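Engineer: Generate a structure from the sequence data that follows.
(2 chains)
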Amino acid sequence: MALKLVREESPMEFFREQLERAMEHQRVSTSAFTEHYLVSLLAGCVRGDGLPAPDPGYDEVPLALLYAQALRASRHERARLLRAMGDSALFVSGFFADSLNRTLVDLAYYRAMGGQAYARLSREDANLGYAPDVFGELSGRFTEFADVLSEVSEASRLVSDRSVLQLYERWVQTGSRRAAVLLAEKGIAPVGPGDGRPH
Amino acid sequence: MTPPLPGLLLDVQRRLEALYALETQAPVTDFVLTEEEAAAYPGGGSRTLVTQDGDQVGLGVVLERETFALLAGADPRVRLDQGNLGAFCTLTEEVSHFVYLHFCARTSRSVTQLELELQAEVDKYLTTVFLLCLQNDGAVSARLRDLLFHRYRLAVPLSAEQVERYRAASALAYRYCSHLESRYLRGSRPSRLEDLAREARRFYRLGQREKLERIADLPS
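Structural biologist: Sure, this is the predicted structure:
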């Protein structure tokens, strides 16, 4: 077949390539279903899809409020809200991890809330059209996937604002393996509080 | 075509080929279509047209009448200033697409539109810088990058995706060209220009992913 000189590149294809590269780099592997879910999440969030409209006075619906709404909602609506909450937390804590460090709500909060939403969703009997283990995996490996998204963010935005201090703070807050590796690349071996060793 | 323009189009093409050490290609002037001739093809305004049927690739370069008229009255090779900068950039961008598509076709490489736009932005900067250097005793104004990459306006109505692509290409090129400028164009050692050409040639031959990675790896 003749080579197509100008090839189309949709956001999905772009993010799939970036995601595969980041996963390979971080030695993270997952099922094709979860990988497809992450690619769709990236493409959708960059387009601004899927998140519920904020209440007056808020830039976005706070995660805790979303969780409370979800628990009170009917089964289908609950699944939708939990998914929006998990997606929002994963996207924000992965894609905007560095900017989150400068806000009042920290990364650990986003990752805890997101993991909780996906965990709850994995137990719901709601047909959202995804393989049943996708949400369980997203919950159990939330920090790993957020790290992958973080690398995609850096490659896509081409912004490298990962100062040593931010990386260190991220590692302290979340135990992110990626932050630890990046710190190691900068010649810093992170040790946890109470390890009794200098750092 | 208005008289000085075939010369200018060819001049820009040959400069790009020399800068990137490319084989001389067929003259771009043989591929220029008038707006009337291009009316049946998609899009509007100045643009590069690509058609493909199997291995056969057809190229056409369209330049708006206004661009022709402006450059015919103010040849940028004589003096490049704010009056003709925009039109000269439009012309350079289309020639850049033509040269890059030719290069990719020859080397059996496919190219994305973002990659095309990114390379065109870099070509625009380097062509303009070299011309201004010749006209201003080697001085390079830091304002040029601002004019090229921050104060542009998109001429014809574009889809949101196209606008996003132009913005991304422009922001990426700004970052890359800032690096070229600070590393190779500040100071007066002539060897730096050779280093600049070497770097530009390497960059030119990278694919999209490698180009993005090269820019991402640049120091902030």
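
Engineer: Please enumerate the strands of chain A.
Structural biologist: A:6-7 (DSSP state E).

Engineer: Break it down into its structural domains.
Structural biologist: A:11-50+A:60-159, A:161-199 (automatic domain parsing).

Engineer: By mean pLDDT, show me the worst of these.
Structural biologist: For those, the weakest mean pLDDT is recorded on domain A:161-199, namely a mean of 56.

Engineer: can you count the residues close to the nearest residue to B:Arg79 once chain neighbours are set aside?
Structural biologist: Spatial nearest neighbour of B:Arg79, chain neighbours left out: B:Gln135 (6.6 Å); criterion: C-beta to C-beta, 6 or more residues apart in numbering or on different chains. For the C-beta atoms, the positions are set from N, CA and C on the backbone; glycine is no exception. Residues lying near B:Gln135 (other C-beta atoms under 10 Å in any protein chain shown) number 15.

Engineer: On the pLDDT front, check B:Gln135 for me.
Structural biologist: 90.

Engineer: just the one 4 residues further on next, same as before
Structural biologist: On the pLDDT scale, B:Ala139 is placed at 77.

Engineer: wait, it sits on B:Cys133?
Structural biologist: Yes - here B:Ala139 lies in contact with B:Cys133, judged by C-beta atoms under 8 Å, at a distance of 7.2 Å.

Engineer: Have a look at these two and say which one is more surrounded.
Structural biologist: Neighbours were counted for B:Ala139 and for B:Cys133 using other C-beta under 10 Å; B:Cys133 has more, 14 against 9.

Engineer: would you list every one of the helices in chain B?
Structural biologist: If DSSP state H is used as the criterion, the helices of chain B fall at B:4-19, B:65-73, B:82-106, B:113-135, B:143-149, B:160-180, B:191-204, B:208-216.

Engineer: Now do the same contact list for B:Gly207.
Structural biologist: Contact analysis of B:Gly207 by C-beta atoms under 8 Å, 6 or more residues apart in numbering or on different chains lists B:Arg109, B:Glu115.

Engineer: what about it, distance to B:Glu213?
Structural biologist: 10 Å (C-beta to C-beta, to the nearest Å).

Engineer: And B:Leu49, by the same measure?
Structural biologist: 30 Å.

Engineer: what does B:Val111 give?
Structural biologist: From B:Val111 to B:Glu213 the distance is 17 Å (C-beta to C-beta).

Engineer: could you show me where the helices are in chain A, in order?
Structural biologist: Under DSSP H, chain A gives helices at A:11-25, A:32-47, A:63-72, A:75-95, A:97-100, A:107-123, A:133-140, A:142-157, A:164-174, A:177-185.

Engineer: So which of those helices is nearest chain B?
Structural biologist: Nearest to chain B among these is helix A:142-157 (5.9 Å), distances taken as C-beta to the nearest C-beta.

Engineer: Give me the residues contacting that closest one.
Structural biologist: Counting by C-beta under 8 Å, 6+ apart, residues outside helix A:142-157 touching it are A:14-15, A:18-19, A:21-23, A:25-26, A:28, A:30, A:34, A:38, A:42, A:90-91, A:93-97, A:111, A:114-115, A:118, A:138, A:160, A:162, A:174-179, B:212-213, B:216.

Engineer: are any of those buried, and which?
Structural biologist: Neighbour counting by 16 or more other C-beta atoms under 10 Å in any protein chain shown classes A:14-15, A:18-19, A:21-23, A:26, A:28, A:30, A:34, A:38, A:42, A:90-91, A:93-97, A:111, A:114-115, A:118, A:138, A:162, A:174, A:176, A:178-179, B:212, B:216 among these as buried.

Engineer: B:Leu114 against B:Arg209, yeah?
Structural biologist: No - contact criterion C-beta under 8 Å: B:Leu114 and B:Arg209 do not qualify, at 10.7 Å.

Engineer: who has more neighbours, the two?
Structural biologist: Shown here are B:Leu114 and B:Arg209; by other C-beta under 10 Å, B:Leu114 has more neighbours (19 against 15).

Engineer: So what's the residue count around the residue nearest to the more buried one when sequence neighbours are not counted?
Structural biologist: Excluding the flanking residues, the one nearest B:Leu114 by C-beta to C-beta, 6+ apart is B:Arg165, at 5.5 Å. Burial of B:Arg165 is recorded as 19 neighbouring residues (other C-beta under 10 Å).

Engineer: Show the pLDDT at B:Arg165.
Structural biologist: On the pLDDT scale, B:Arg165 gets 79.

Engineer: Return the residues in contact with it.
Structural biologist: B:Gln113, B:Leu114, B:Glu117.

Engineer: likewise A:Met12?
Structural biologist: Applying C-beta under 8 Å, 6+ apart, the residues near A:Met12 are A:Val39, A:Ser40, A:Ala43.

Engineer: The same query, at a cut-off of 6 Å, please.
Structural biologist: A:Ala43 (C-beta atoms under 6 Å, 6 or more residues apart in numbering or on different chains).

Engineer: Tell me the spacing between it and A:Ala89.
Structural biologist: Where A:Ala89 is concerned, A:Met12 sits at a distance of 22 Å (C-beta to C-beta).

Engineer: just B:Arg165 next, same as before
Structural biologist: B:Arg165 is 29 Å from A:Ala89, by C-beta to C-beta.

Engineer: Then B:Leu8?
Structural biologist: From B:Leu8 to A:Ala89 the distance is 55 Å (C-beta to C-beta).

Engineer: what would the helices of chain A look like in a markdown table with distance to B:Leu158?
Structural biologist: Output for these, formatted as a markdown table (distance: least, C-beta to C-beta, whole Å):
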| stretch | distance to B:Leu158 |
| --- | --- |
| helix A:11-25 | 17 |
| helix A:32-47 | 17 |
| helix A:63-72 | 36 |
| helix A:75-95 | 26 |
| helix A:97-100 | 29 |
| helix A:107-123 | 35 |
| helix A:133-140 | 36 |
| helix A:142-157 | 21 |
| helix A:164-174 | 36 |
| helix A:177-185 | 37 |
